[in-house]
Structure formats: structure tokens, C-alpha cells
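**Q** Any chance you could fold what I've pasted below:
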Amino acid sequence: MKKTLNLVLAGVTAMGLALSAHAEDYITLASTTSTENSGLFDSILPKFEEASGIAVRVVAVGTGQAFELARRGDADSLLVHDTAGEKRFVENGYATERADVMYNDFVLIGPESDPADVRSAKTAAEAFAAIANAEAPFTSRGDDSGTNRAELRLWENAGVEPGGDWYRELGSGMGPTLNTAAAMDAYVMSDRATWVAFGNHQNLTLVFEGDDVLFNQYGSLLLSEEKHPHLKHDLATKWHNWLISEDGQQAIADFKVNGEQLFFPNAK
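**A** Numbering: from 1, shown residues only. Okay, here's the model as predicted:
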């Protein structure tokens with residue numbers, strides 16, 4: 001009886017140690033709301049976890065906030081979409097490597113009636129200028145996300161400093177910003193993936209797309225071990241390498257919503 005009890009206790013202890021060890025096999029990933037809202041992570045993370053035994057806990061925020069989390073050492077890995085900001089992050093010593101992972105594009109969404117006649121625009125600059133000239137309602141994320149940073153560059157390209165009652169800065173993620181635009185019949189810039197996956201179109205429709213300046217690149221960064229030695233660099237490296245591997249790139253390509261591919265792998 002005593003021997004049996006000892007065996008049971010030994011088994012429980014071994015199980016507890018195994019569970020404890022397994023509980024450490026995860027990383028915290030700071031990423032964008034578009035990768036979360038579109039459903040991409042729901043599709044690809046189980047494939048990575050099955051292949052590696054490593055779980056990924058996603059903190060989905062705007063790119064600016066994701067940079068800040070990584071800068072403070074509160075995330076093990078970073079997947080964002082602001083190439084210029086990512087390169088500065090490496091140059092400033094917060095990351096040791098950056099790799100292209102995938103791309104899609106930004107699109108302009110607006111009310112079906114298109115009061116600013118954005119559909120007639122030949123370029124993104126013309127489209128943004130038309131909205132400003134008409135003082136048509138426009139909802140901006142206003143959250144220092146990659147999308148917000150891109151939007152502000154496009155206003156600058158159009159020679160417009162947005163402001164006034166027609167321009168609403170929300171400080172929100174992409175989903176809530178689209179919901180507000182739908183409620184207001186307002187124009188809004190979105191990444192295509194979130195727009196396609198968005199279920200509350202109401203009177204909104206895609207009114208402008210296709211300009212090269214709307215290209216939207218995503219990158220993965222390996223964070224600095226020197227600045228943050230406490231992070232799970234070995235596990236984060238496995239995630240980074242999987243994303244740019246043949247298996248990771250295929251997993252991204254396989255993700256579709258309503259039959260439409262939303263992200264296009266382009267790791268070099």
C-alpha cells in the first residue's frame with residue numbers, strides 16, 4: 001500500500017513538474033490589431049504551437065503601443081507594420097534583427113453615396129484631398145498605430161492638415177473605428193484584412209484602392225538580449241524563424257476569409 005502511494009505521489013509530482021515546465025513554454029507577442037481582428041492568428045498560431053510546443057500569447061494593440069511594450073521589456077517578440085519605425089527600433093538597439101513577413105494593402109472605406117466623390121480619384125492623394133475639400137466626416141484611429149501613421153503620411157502627401165469638426169480622432173483600434181464610421185456614415189482608412197473580416201458594414205463600402213502608396217508591409221523583430229536579458233529570446237527566435245520559414249509562409253498564404261486571401265507572404 002505504501003509502495004503504491006509512493007508511486008502515485010511520484011506520478012503526481014512528475015505531472016506537476018511537467019505542467020509547470022509546459023506553462024513556461026510560451027511567449028508574449030506584441031502585435032497589431034489587424035492581425036488579431038482579421039482572424040489570422042486564430043488560423044496560424046495553432047500550427048506553430050503544434051510544430052514547436054510553444055504557445056503564443058498575443059497582446060493586440062496599435063503599432064506605437066506595441067513598440068512601447070517591447071521597449072519596456074514587456075513582450076518577447078514583435079510583429080508590426082511600420083517599416084520605417086521598425087528600422088529605427090533596430091538602429092536604436094532595441095532589436096537585433098528585422099525580417100519582412102507578409103504584406104497586404106490599405107483601402108479607403110466610405111458611405112455608398114460617396115459625398116466627396118472619392119471614387120473619381122486617380123491617386124490616394126486626390127482621394128484624401130477630396131474628403132478634406134468636401135469636409136466629409138472622416139474617422140481616424142488616432143492611436144499611433146501603423147495604420148494611423150500611414151494615414152497621417154497620406155494626408156501630408158495630399159497637402160492637407162486634417163482637423164475641424166469633420167475629422168474625428170478616436171484613439172481606438174481598427175474594429176471600433178470601423179464601427180464608428182459605420183454609425184456616422186463616415187470615411188475611414190483600414191487595412192484590407194480587417195475590412196474584409198468586419199461584419200458591420202451597414203452603408204459603408206470600399207471607395208478607393210490600388211495606389212502603390214497604400215502598400216502595407218508587416219515585419220517581425222527579434223528583441224535585444226542585451227537590453228532585456230530576462231525575455232524568452234530562445235523561444236521568440238523559434239517563432240520568428242517559423243514565420244519566415246516555408247511552413248510559416250504557407251500557413252499565412254492559406255489563411256482566407258470568404259475565399260479571399262488577406263495576407264501575402266514575402267519573407268526573403
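**Q** With adjacent residues omitted, what lies nearest to residue 256?
**A** residue 262 (6.9 Å; CB to CB, 6 or more residues apart in numbering). No exception for glycine: its C-beta is placed from N, CA and C like everyone else's.
**Q** Residue 206: which element?
**A** Secondary structure assignment for residue 206, by DSSP states H and E: strand 204-208.
**Q** Paired strands for that strand, with orientation please.
**A** Using DSSP bridges, the strands paired with strand 204-208 are strand 95-111 (antiparallel).
**Q** helix or strand right after the strand it pairs with?
**A** helix 124-134.
**Q** What lies in contact with that next one?
**A** Helix 124-134 has contacts (CB atoms under 8 Å, 6 or more residues apart in numbering) with 108, 110, 115-118, 120-121, 138, 154-155, 157-160, 162, 166, 187, 207-208, 211, 213-214.
**Q** follow-up on the earlier one: list the strands paired with the helix or strand that the strand holding residue 206 is followed by, with their directions.
**A** Following strand 204-208 in sequence order, the next helix or strand is strand 215-223 (DSSP H and E). In the sheet, strand 215-223 lines up against strand 77-80 (antiparallel), strand 95-111 (antiparallel) (DSSP bridges).
**Q** how near is the residue nearest in space to the middle of the chain to residue 62?
**A** The centre of the chain sits closest to residue 32, judged by CA atoms, centre = their mean, with a distance of 2.7 Å. Between residue 32 and residue 62 the distance is 7 Å, computed by CB to CB, to the nearest Å.
**Q** Now for those two: what residues contact both?
**A** By CB under 8 Å, 6+ apart, the residues touching both residue 32 and residue 62 are 145-147.
**Q** How about residue 57, nearest residue that isn't a chain neighbour?
**A** Leaving aside its chain neighbours, residue 57 sits nearest to residue 28 (5.1 Å; criterion: CB to CB, 6+ apart).
**Q** Do a quick rundown of the helices in the stretch 51-200 of the chain.
**A** With DSSP state H, counting those that start in this stretch as the criterion, the stretch 51-200 of the chain has helices at 63-72, 83-91, 124-134, 146-157, 174-184, 192-197.
**Q** Now do the last one: which elements does it pack against?
**A** Contact here means 3 or more CB pairs under 8 Å, 6 or more residues apart in numbering; DSSP states H and E; on that basis helix 192-197 packs against helix 33-37, strand 95-111, helix 174-184, strand 256-257.
**Q** outside of it, which residues touch it?
**A** The contact list for helix 192-197, computed with CB under 8 Å, 6+ apart, reads 33-35, 37-40, 104-107, 109, 174-175, 178, 206, 209, 216, 257-258, 260, 262-263.
**Q** let's go with 7 Å and repeat that
**A** 34, 37-40, 104-105, 107, 109, 174-175, 257-258, 260, 262-263 (CB atoms under 7 Å, 6 or more residues apart in numbering).
**Q** Perfect, I'm done here.
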